[in-house]
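[1] structure, please.
(2 chains)
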Amino acid sequence: MARKALATQRKIRVLVAKPGLDGHDRGVLVLARALRDAGMEVIYSGLLPSPQEVAQMALDEDVDVVALSLLNGAHMTAFPKVKRLLEKQGGRDIIVVGGGIIPEEDKGRLRKLGITGLFGPGSSFEEIVEHIGARVRKERWKE
Amino acid sequence: MLRNGREAYWRRKTKAVVEARAKAGSMYDKRALESIKKGVRQWQETVLREWDVKAPRSARDFQTASAIPLKPLFTPVDVSDVDFAGQGFPGVFPYLRGVYPNMYRGRKWTMRMFSGFGTPEDTNRRLKLLLEHGETGLSIAFDMPTLYGYDCDHQRAHGEVGRCGVNVSSLKDMEVIFEGIPLEGVSTSMTINAPATILTCMYAGVAMRQGVPMEKLRGTVQADMLKEYIAQKEWVYPPEAHLRLVRDLMVFCTKKMPLWNYVSISGYHIREAGSSAVQELAFTLADGFGYVELGLEAGLKVEQFAPRLSFFFNSTMDFFEEIAKFRAARRIWATVLREKYGVKDKRSLLMRFHTQTSGASLTWQQPLNNIIRTTIEALAAVLGGTQSLHTNSYDEAWALPTEKAVEVALRTQQIIAEETGTPNVADPLGGSYYVEWLTEQMEEEAYKYFDRIDSAGGLLKAIKTGYLQKEIAENSYRLAKRVEDGRDSVVGVNKYEVDEKKPIDTLKIDFRAQRSQNRRLARVRKERDGAKVEAALAKIAKAFENEDANSIYPMLEAVSEYATLGEIIEVGRRAFGTWQEPVII
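    Numbering: from 1, shown residues only, chains lettered A, B, ... in the order given. Sure, this is the predicted structure:
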């Protein structure tokens, strides 16, 4: 019983990041606020981190989730790179989700790597929050 | 405005604007106004109220996109204190009604379509196509590595070459982009900021090889670094260092490239980053005053450089608010330049501006609807008196546009210009009670922001503390929540949705650009005279060390020797360091 109460109080820790040469931060800043308002602890990478820096930050901050956003068309290089670096450096269990302008044919390949969500323009906060919550509860908290 | 705060001028100004209006009095007869006022009251209490019972109003809050509350009807009462005599005429101070006396009767706006993707060869072909279709000015988009000053073969450029624009790593690339396009006959706008000095030098380098003297080059680099820190966030060095480079460019061009517009003061990105129309107006003009002060610090006279400052605004979906914004902008610029900076020369008071329709307003869902959005936005820009216009393509929420989509976008402008009759009359909405009232509102709100920026210690401080960035982020979250909870509608996104499988064909950029750019750059590095490159780079380093030196001269030399973009940027990185913005969430 006590354990259960503890679990519901636990907050999801998310790193929101744009791993590349892309200063279009409107989306990430809005997302960061929306996740925070949904009760998550949000860490923002700041602009222009390399995939290596994002992975390192995720490990240092001990996050549950890394939420990646790119609008510059480089998602097929940058997203898998972050995922691979996480796996290599002991962050295999950190959940990676992504968003941006991602063509349908790329989505399948990213999902195969375990990068999910892949929210496009016009996605609602609700579906993003729900997706993150569901994966964390299942994979991290084993509920 | 730029470096200091607490100037009495800004504090006084908001009040002064309101007071001046009250004093100027009305062009309406007092008795007539009284009777209109009575009429409005009566109409509200009887006709409107009865109607509301029969056809209840929706629960929506009626307000502009900037959250200015709106009444159901505007009448002469709402503009009774507007100083219509003080508005002047087209081509007359304070230019509210337009910068040229005959406006589009004389010359239509320049149809300037922003383009650039893939390799320099791809872009060269696209530019030639646009020229064939009757476009009158070129406008070039660069890819992310170029914008951030990385060569195509740099590790950070991997996967990004040619994706969002054309890649330029050395003068060789610029030679290819303009192959077969005589620079004497065109005006070229380059959307480049942090490396703007280098790209200007490269353009001059291409001209030199074509035998066109620098004095004849017409075009624009954006070089608006202030808005980079505020909104677009493509910088390399700390703000002071980039401002110094802009200063060097201003001084150099004043002497050597007199027809070159070296700063395009941009509200576009501020708006795309999520600001309101009021914030776009206020922050952009504040940046403008910042560049005026930068020029003055460099020992130039305003009359020497102000005619070369141009503006770049966004036009998005709140039709009337956009038109009011453009009108207010012209008046504020002319008024402040005359009052605060003592400018008398007429050309220096004119706010000439380029407009681009809003990329952020385009939806990924039901993309053909974007043609309609772009049309409405383009019409607002024309009704607002723009000097040039870019219309977005319907597929841009998906990818860079296809040729077909670009053609439709260009045709959109041509239809407005040729078929609608809109260009027949200057400032066609002048006198609309609503538009005039809104124009006054926009102006007042802008002055309030100038005062707030001033109180925050001036523009540079407001940027370095993240004040302006935070204002924008908060507005953008406000807008996003309004769409999320349905208070604002976006057709196809939160209303009238349909299921659709990929509805349009889009442009795909592959790794071909990356490979071909890497090959060319390798060839450039091999064929150039390495010692000469080193010597030229050393000269730039020396110029960077000396605050009073002008770094453009050695940069011209380095570029001609095929020093790369990345090499020149790196010299600056060693001299000035880099910049991390304050985290604002």
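[2] for the helix or strand B:Val278 falls within, buried residues please.
    Taking DSSP states H and E as the definition, B:Val278 sits inside helix B:277-297. For helix B:277-297, the neighbour count (16 or more other CB atoms under 10 Å in any protein chain shown) marks B:277-295 as buried. The C-beta positions use only the backbone N, C-alpha and C, and glycine is treated the same way.
[3] who does the next helix-or-strand element following that helix touch, helix- and strand-wise?
    Scanning forward in sequence from helix B:277-297 by DSSP H and E, the next helix or strand is helix B:302-305. When contacts are defined as 3 or more CB pairs under 8 Å, 6 or more residues apart in numbering or on different chains; DSSP states H and E, helix B:302-305 sits against helix B:239-256, helix B:277-297, helix B:346-349.
[4] partner strands of the helix or strand just after helix B:302-305, with direction?
    Past helix B:302-305, further along toward the C-terminus, the next helix or strand under DSSP H and E is strand B:309-315. Looking at strand B:309-315 with DSSP bridges, its partner strands are strand B:263-266 (parallel), strand B:353-357 (parallel).
[5] and the strands in the stretch 451-585 of chain B, which stretches?
    Secondary structure of the stretch 451-585 of chain B, counting by DSSP state E, counting those that start in this stretch: no strands present.
[6] residue in it nearest to chain A?
    Distances between the stretch 451-585 of chain B and chain A by CB to the nearest CB are smallest at B:Val493, namely 4.2 Å.
[7] list the contacts of the spatially closest residue to that residue that is not a sequence neighbour.
    Nearest residue to B:Val493, sequence neighbours excluded (CB to CB, 6 or more residues apart in numbering or on different chains): A:Gly122, at 4.2 Å. Residues in contact with A:Gly122 (CB atoms under 8 Å, 6 or more residues apart in numbering or on different chains) are B:Thr363, B:Trp364, B:Gln365, B:Val490, B:Gly492, B:Val493, B:Asn494.
[8] thinking A:Lys18 is in contact with A:Glu53, fair?
    No. When contacts are counted by CB atoms under 8 Å, A:Lys18 is not listed as touching A:Glu53 (11.1 Å).
[9] mutual contacts of those two, please.
    Joint contacts of A:Lys18 and A:Glu53 (CB under 8 Å, 6+ apart) are A:Ser45.
[10] quick one: B:Arg338 and B:Leu349 touch, right?
    Yes. Counting by CB under 8 Å, B:Arg338 touches B:Leu349, with 6.2 Å between them.
[11] hey, what's the residue nearest in space to the middle of chain A bridged with?
    The geometric centre of chain A, computed from its C-alpha atoms, lies nearest to A:Ala67 (CA atoms, centre = their mean), at 1.7 Å. Beta-bridge partners of A:Ala67, counted by DSSP bridges, are A:Val16, A:Val97.
[12] how about the top helix by length along chain A and chain B, touching?
    Scanning chain A for the helix with the most residues, using DSSP state H, yields helix A:75-88. Yes. Using CB under 8 Å from any CB of the partner chain, helix A:75-88 comes into contact with chain B via A:Met76, A:Thr77, A:Ala78.
[13] got it, and stretch A:57-66?
    No. Shown here: stretch A:57-66 not in contact with chain B (CB under 8 Å from any CB), separated by at least 12.3 Å.
[14] point me to the residue of the stretch 201-350 of chain B nearest chain A.
    B:Lys233 (3.2 Å).
[15] phi, psi for the closest residue in space to that residue that isn't next to it in sequence please.
    The shortest distance from B:Lys233 to any non-neighbouring residue, by CB to CB, 6+ apart, is to A:Gly23 (3.2 Å). Backbone torsions of A:Gly23, given as degrees, to the nearest 10, read phi -90, psi 0.
[16] now the spatially closest residue to B:Thr357 that is not a sequence neighbour: which helix or strand?
    Excluding the flanking residues, the one nearest B:Thr357 by CB to CB, 6+ apart is B:Glu377, at 3.9 Å. Taking DSSP H and E as the definition, B:Glu377 sits inside helix B:369-383.
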